[in-house]
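[1] Give me the fold of what follows.
(chains A, B, C and D)
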Protein chains: 2
Amino acid sequence: MPHSNTHHEVLIVVFQVRHFPATAQSPRSGPELAVLLWQRALDPEAGSWSLPGGRLHDDEDLTTSARRQLAEKVDVREVAHLEQLSVFSEPHRVPGARTIASTYLGLVPITSDPQLPDDTSWHPVSHLPEMSFDHGIMVENARARLAAKLSYTNIAYGLAPSEFAMSTLREIYCAALGYQVDATNLQRVLSRRNVLVPTGTTAPPGRTGGRPPALYRFTDSRLRVTDEFAALRPPA
Amino acid sequence: MPHSNTHHEVLIVVFQVRHFPATAQSPRSGPELAVLLWQRALDPEAGSWSLPGGRLHDDEDLTTSARRQLAEKVDVREVAHLEQLSVFSEPHRVPGARTIASTYLGLVPITSDPQLPDDTSWHPVSHLPEMSFDHGIMVENARARLAAKLSYTNIAYGLAPSEFAMSTLREIYCAALGYQVDATNLQRVLSRRNVLVPTGTTAPPGRTGGRPPALYRFTDSRLRVTDEFAALRPPA
DNA sequence: ACAAAAGTGTTCGTGCTACACCCATGG
DNA sequence: CCATGGGTGTAGCACGAACACTTTTGT
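    From the prediction side, this is the model:
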């Protein structure tokens, strides 16, 4: 009897780079990578924080389901990138009926600030609250995937505004990678790979003066691998 | 009514580098990457070739299920590496009850030659037969993943014998990548990354003479990322 | 001695980092 | 005219590709 009553859910790790008020632990060093979570009102694990998501419907595939579930939390148009991550299938990963979870990575540009339901909020990934079930591992997996892809794809388009100064993009990379990135080299690497193009326009300088920054735009707004071969390239 | 009668299956793309007899299309240029397939005797799509796999049981996770399903086709001990690929969830991807497929990548070392059931055989990925349902896409996805990981991980341990000469490893890389790889540079790249270590022993030379090759071994027999950052490395 | 296979050394190019220096704006 | 932030130029390095040359075996 291979099958009785197994459910399938989609869980989405939605990331955005956001500014958080300075605290004792995070002494004000720019914006941070944040994940969208909602707090469980009911048992099991009432009070703990969960990833957005829910049951897969009969007439939808996983990606469609992920978009539908997100629509209940944030305006779907704000999600600039969505991709499949791994599946969690341990038979007793959650109490009750067996539920297989397919996880997704979702990215929201730094410029949008969607309305959220009362039980939902953004949390810096560096200080996650108590997480439900295996959701903490899922966030960590997603963060690792994002960091890896930042170095060999154009995935940052999902976190960046449509037009931006290099200093803004630098902040996004620093927040997502967790270490300092040099804006000069960032510009050169991404330009060489044709990930970035200058718009030809500039933004007004800040209050305190300074040269007005040139604005850039991502060449594509779909995922593209920009450095396929770390080694063992095919012969020319 | 989100749920009625959805099934979940595991499908495994098992690769091995194998020698095939020379044909008109493949004029004898060394071993090729091959995939394990079985031929459907019954409708739907009788006669077409399918990936090994089947229903997920209630008390097993996906990886356990994949190993169990493979045990019916090949001796499980022969599978040196197994990792999750993506999920195929289109509601009508197969006729009948809805079935979600989780795909896996499996690797078998070049030295093993497992007994196969009558309906099952190895096929060069360069000349796939008519494939069932969406299984052709799954093979192509798996091939792309393997090729990518060969360049930044030690995944080749799954295709190589426990000890081997560099010329053998070169053949494996050539077959899996589909282009010529230089044995000299392969040795240097993998040594620098501490993927390979010399055993200190040599193998006897071939019939026609030649210097006896030094033997090597993979440092780890579990997947390890060996070149994490294509660019944007963290500062020293 | 010669062919065949393996291993070593050297050169070259390229892509990334780091850092110094130059430019444009507000006060 | 100076502080501030942005952009450019350049030197150095690390890695990998290509290829010539040397070593070790069998016939």
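[2] where in chain A is pLDDT low?
    A:1-4, A:24-28 (pLDDT under 70).
[3] what does whichever helix or strand A:Leu215 is part of contact?
    Here A:Leu215 sits within strand A:214-218, counting by DSSP states H and E. Contact with strand A:214-218 is made by A:154, A:156-157, A:160, A:162-166, A:169, A:187, A:195-199, A:201-203, as judged by C-beta atoms under 8 Å, 6 or more residues apart in numbering or on different chains. All C-beta spots, glycine's among them, are computed from the backbone N, C-alpha and C.
[4] cutoff 6 Å now
    A:Tyr157, A:Glu163, A:Leu196, A:Val197, A:Pro198, A:Thr199, A:Thr201, A:Thr202, A:Ala203 (C-beta atoms under 6 Å, 6 or more residues apart in numbering or on different chains).
[5] go on, stretch A:49-68?
    A:8-12, A:37-40, A:69, A:73, A:76, A:102, A:104, A:129, A:131-132, A:135, B:2, B:4, B:89-91.
[6] Max pairwise distance over the contacts of strand A:214-218: which two?
    The span of the contacts of strand A:214-218, defined through C-beta to C-beta, is set by A:Tyr157 and A:Thr202 at 20.8 Å.
[7] before we move on, back to that, return the set of buried residues in the strand holding A:Leu215.
    Of all the residues in strand A:214-218, those buried under the rule 16 or more other C-beta atoms under 10 Å in any protein chain shown are A:Leu215, A:Tyr216, A:Arg217, A:Phe218.
[8] thinking again about what came up before, more neighbours: which of A:Tyr157 and A:Thr202?
    Taking neighbours as other C-beta atoms under 10 Å in any protein chain shown, A:Tyr157 and A:Thr202 compare with A:Tyr157 leading, 23 against 13.
[9] following the longest strand anywhere in chain A, which helix or strand shows up next?
    Using DSSP state E, we find that the single longest strand of chain A is strand A:7-18. Sequence order places strand A:32-39 as the next helix or strand after strand A:7-18, per DSSP H and E.
[10] got the angle for that following strand vs strand A:7-18?
    140 degrees (axes from the mean of the first three to the mean of the last three C-alpha atoms, to 10 degrees).
[11] Touching strand A:32-39 from outside, list them.
    By C-beta under 6 Å, 6+ apart, strand A:32-39 touches A:14-18, A:20, A:49-50, A:119-120, A:122-125, A:139, A:175-176.
[12] swap the cut-off to 8 Å and go again
    A:13-20, A:26, A:47-52, A:73-74, A:108, A:116-117, A:119-126, A:128-129, A:131, A:139, A:142-143, A:146, A:175-176, A:178.
[13] could you show me where the strands are in chain A, in order?
    A:7-18, A:32-39, A:49-50, A:53-55, A:81-88, A:99-107, A:120-124, A:164-165, A:196-202, A:214-218.
[14] Can you lay out these as CSV showing distance to DNA strand D?
    Listed next are the strands of chain A as CSV, based on distance: least, C-beta to the nearest atom of the strand, whole Å:
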stretch, distance to DNA strand D
strand A:7-18, 16
strand A:32-39, 19
strand A:49-50, 35
strand A:53-55, 37
strand A:81-88, 25
strand A:99-107, 23
strand A:120-124, 23
strand A:164-165, 5
strand A:196-202, 7
strand A:214-218, 3
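[15] Out of those, the one nearest DNA strand C is which?
    strand A:196-202 (6.9 Å; C-beta to the nearest atom of the strand).
[16] for the closest one, which positions count as buried?
    Buried-residue list, strand A:196-202, by 16+ other C-beta under 10 Å: A:Leu196.
[17] what's the answer for stretch A:130-148, then?
    Those would be A:131-136, A:138-139, A:141-143, A:145-148, for stretch A:130-148 by 16+ other C-beta under 10 Å.
[18] Is the closest residue to DNA strand C within chain A bridged to anything, and to what?
    Across chain A, no residue is closer to DNA strand C than A:Gly209, which sits at 2.9 Å (C-beta to the nearest atom of the strand). Taking DSSP bridges as the rule, A:Gly209 bridges to A:Gly206.
[19] what's the burial count for A:Arg93?
    Count around A:Arg93 with other C-beta under 10 Å applied: 14.
[20] same thing with A:Arg193?
    What A:Arg193 shows, counting by other C-beta under 10 Å, is a neighbour count of 18.
[21] wait, A:Ile155 sits on A:Leu82?
    No: judged on C-beta atoms under 8 Å, A:Ile155 makes no contact with A:Leu82 at a distance of 11.4 Å.
[22] Comparing these two, which residue is more hemmed in?
    A:Ile155 (26 against 19).
[23] how near is that one to A:Asp220?
    11 Å (C-beta to C-beta, to the nearest Å).
[24] could you give the angle of the longest helix along chain A to strand A:32-39?
    Taking DSSP state H as the criterion, chain A has its longest helix at helix A:135-152. On the basis of the same axes, to 10 degrees, helix A:135-152 is oriented at 150 degrees to strand A:32-39.
[25] Fine by me, thanks again.
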